[in-house]
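Need the 3D shape of this:
(one chain, ligands or ions: 1)
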Amino acid sequence: MNFSLSEEHLMIQKAARDFTNDVLKPGVIERDEHQKFPEAEIKKMGELGFLGMMVNPKYGGGGMDTISYVLAMEEISKMDASASVVMSVNNSLVCWGLETFGTEEQKQKYLVPLAKGESIGSFCLSEPEAGSDATSQHTTAILKGGKYILNGTKNWITNGGHASTYLVIAQSNPEKGHKGINAFIVDRKSPGLTVGKKENKLGIRGSDTHSIMFTDVEVPVENRIGEDGFGFRFAMKTLSGGRIGIASQALGIASGAYELALAYSKERKAFGKPICEHQAIQFKLADMATQIDAARLLCLKAAWLKDHHLDYTQAGAMAKVFASQIAMEITTEAVQVHGGYGYVKEYHVERLMRDAKITQIYEGTTEVQKIVISRSVLS
Ligand code: CAA
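This next block holds a predicted model:
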């Protein structure tokens with residue numbers, strides 16, 4: 001067993017750290033306050049190769065491993081979780097699904113621009129009445145005259161207002177239950193596709209979350225991903241990897257808050273000495289450092305399993321449950337270490353605390369992850 005990172009991994013980690021400090025940090029408070037999508041920053045992220053990191057270079061990607069992706073996600077999430085969720089959805093849910101299960105024609109047409117960062121994608125599974133209970137799809141995709149006709153509404157869609165390509169999960173044969181579900185590639189310009197209202201959120205306020213409506217949207221049969229009825233398994237397999245991305249996002253939010261608390265504790269004086277010399281603060285820092293190390297190891301283990309083509313579903317779920325839980329705890333404690341300053345926006349930790357919460361909800365709630373883990377340990 002080797003715990004050291006390669007030269008290449010260290011370079012990617014540094015590139016992500018530099019990008020975060022130079023490009024993302026300067027406007028992050030304003031974007032959060034005004035719910036402004038980081039458009040120019042995401043364009044730059046694409047140019048640097050962070051939007052299609054793991055895609056084969058022959059499809060315009062970076063050809064990197066999942067470990068590199070975890071390292072980059074952690075660095076970017078330390079300061080801007082709104083930008084890192086764009087990156088996570090594009091890499092894990094959209095590019096990975098297309099590269100793994102798409103046809104050559106689908107890859108050339110849709111994956112290449114997504115991997116190059118020329119366009120971004122969305123993953124449309126959740127519905128007003130199908131969140132955790134994902135088999136309960138009400139959106140229909142009925143085959144008629146050689147085309148699928150899509151009708152329904154998707155909710156809480158990340159990148160919803162800025163995506164050019166949507167991967168849409170819909171029910172084609174209700175009598176077959178989850179075996180009737182299909183996944184489709186849907187072009188933003190399709191007549192009948194409407195981008196609904198933008199959600200006004202607690203955290204990740206710079207990210208773009210919308211409902212998407214489909215009214216008699218025609219989708220060619222060649223835009224179905226995989227065989228008829230593969231859509232639910234497609235969604236589950238894709239989300240297994242997506243959860244490694246969100247676990248890394250939670251890890252980054254936690255480690256960003258910890259680094260800020262550590263630095264502040266060395267500067268701020270109380271009772272005649274820096275607060276880091278008080279045991280009350282030292283024990284908080286010790287707990288944070290320990291939790292972060294454990295979360296990082298879980299994320300890297302899940303990534304390593306994926307890179308070695310071993311089953312990573314349980315490991316990814318464990319990483320997500322743990323990292324998102326410690327992200328909530330550590331960001332809350334980081335605000336506490338900062339005292340009154342922690343409660344105001346300039347010190348970043350209150351934003352990280354608000355951003356942490358979503359990591360316990362999207363791409364499968366903590367409770368859903370525990371279903372996945374318990375089924376795995378009992379099987
Ligand atoms: N890989 C492959 N196949 C899988 C799988 C996996 N990881 N998990 C389940 N399946 C298969 C099962 O084998 C089963 O197939 P068979 O009937 O052929 O055996 C089929 O899928 C149905 O599985 P279950 O019986 O386990 O289904 P369930 O109704 O009990 O649901 C669940 C299981 C784990 C709760 C699932 O519904 C789930 O993960 N729900 C959460 C959905 C989710 O994560 N939503 C997030 C939205 S996306 C998002 O947030 C993106 C964003 O914008 C940030």
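
all strands of the stretch 1-150 of the chain, in order?
Using DSSP state E, counting those that start in this stretch, the strands found in the stretch 1-150 of the chain span residues 121-124, 140-144, 147-158.

Report the mean confidence score over the lengthiest helix in the chain.
Secondary structure of the chain read by DSSP state H shows that its longest helix is helix 231-267. Per-residue pLDDT values over helix 231-267 give a mean of 98.

Identify, out of the strands of the stretch 1-150 of the chain, the most deeply packed stretch.
strand 121-124 (a mean of 28; mean count of other Cβ atoms under 10 Å). All C-beta atoms are positioned from the backbone trio N, CA, C, and that covers glycine.

For that strand, the averaged confidence score.
According to the model, strand 121-124 has a mean pLDDT of 98.

Also stretch 278-286?
Stretch 278-286 comes out with an average pLDDT of 98.

Ok, stretch 181-195 next?
Stretch 181-195 comes out at a mean pLDDT of 98.

for that stretch, which positions count as buried?
181-188, 193, 195 (16 or more other Cβ atoms under 10 Å).

The ligand: which of the residues you listed is nearest?
When the buried residues of stretch 181-195 are compared for distance to the ligand (Cβ to the nearest ligand atom), Ile181 comes out closest, at 9.3 Å.

pretty sure the closest one is touching Thr139, no?
No - checked against Cβ atoms under 8 Å, the pair Ile181 and Thr139 is beyond contact range at 9.6 Å.

Spit out the residues that contact the two alike.
Common neighbours of Ile181 and Thr139 are listed as 169-171 (criterion: Cβ atoms under 8 Å, 6 or more residues apart in numbering).

so where do the helices sit in the stretch 1-150 of the chain?
7-19, 28-34, 39-47, 66-77, 81-88, 96-101, 104-106, 112-116 (DSSP state H, counting those that start in this stretch).

Tell me which of the ones you listed lies nearest to the ligand.
helix 81-88 (6.1 Å).

list the helices and strands the closest one packs on?
helix 28-34, helix 39-47, helix 66-77, helix 231-267, helix 349-358 (3 or more Cβ pairs under 8 Å, 6 or more residues apart in numbering; DSSP states H and E).

mind checking which of those is nearest Ala289?
helix 231-267 (6.9 Å; Cβ to Cβ).

If you compare the directions of the closest one and helix 66-77, what angle comes out?
Here the directions of helix 231-267 and helix 66-77 differ by 50 degrees (axes from the mean of the first three to the mean of the last three Cα atoms, to 10 degrees).

now the angle between helix 7-19 and helix 231-267, please.
Using the same axes, to 10 degrees: helix 231-267 against helix 7-19 is 70 degrees.

Check whether helix 231-267 comes near the ligand.
Yes - remark: helix 231-267 sits within contact range of the ligand at 232-233, 236-237, 239-240, by Cβ under 6 Å from any ligand atom.

What subset of these is buried?
Among these, those classed as buried by 16+ other Cβ under 10 Å are 232, 236-237, 239-240.

Can you tell me which of the residues you listed is nearest the ligand?
The nearest member of those to the ligand, counting by Cβ to the nearest ligand atom, is Met236 at 3.3 Å.

Backbone dihedrals for the closest residue to the ligand within the stretch 1-150 of the chain, both of them.
The ligand sits closest to Ala134 of the stretch 1-150 of the chain, with a gap of 3.7 Å, by Cβ to the nearest ligand atom. Main-chain dihedrals, Ala134, degrees, to the nearest 10: phi -70, psi -20.

tell me the secondary structure for Ser211?
The three-state assignment at Ser211 reads strand, by DSSP: H, G, I helix; E, B strand; the rest coil.

tell me which parts of the stretch 101-250 of the chain are close to the ligand?
123, 125-126, 132, 134-135, 157-158, 178, 232-233, 236-237, 239-240.

could you redo the last one with a cut-off of 5 Å?
125-126, 132, 134-135, 158, 178, 233, 236-237, 239-240 (Cβ under 5 Å from any ligand atom).

Between these, which sits nearest Val94?
Distances from Val94 to those, taken by Cβ to Cβ, are shortest for Thr158, at 10.1 Å.
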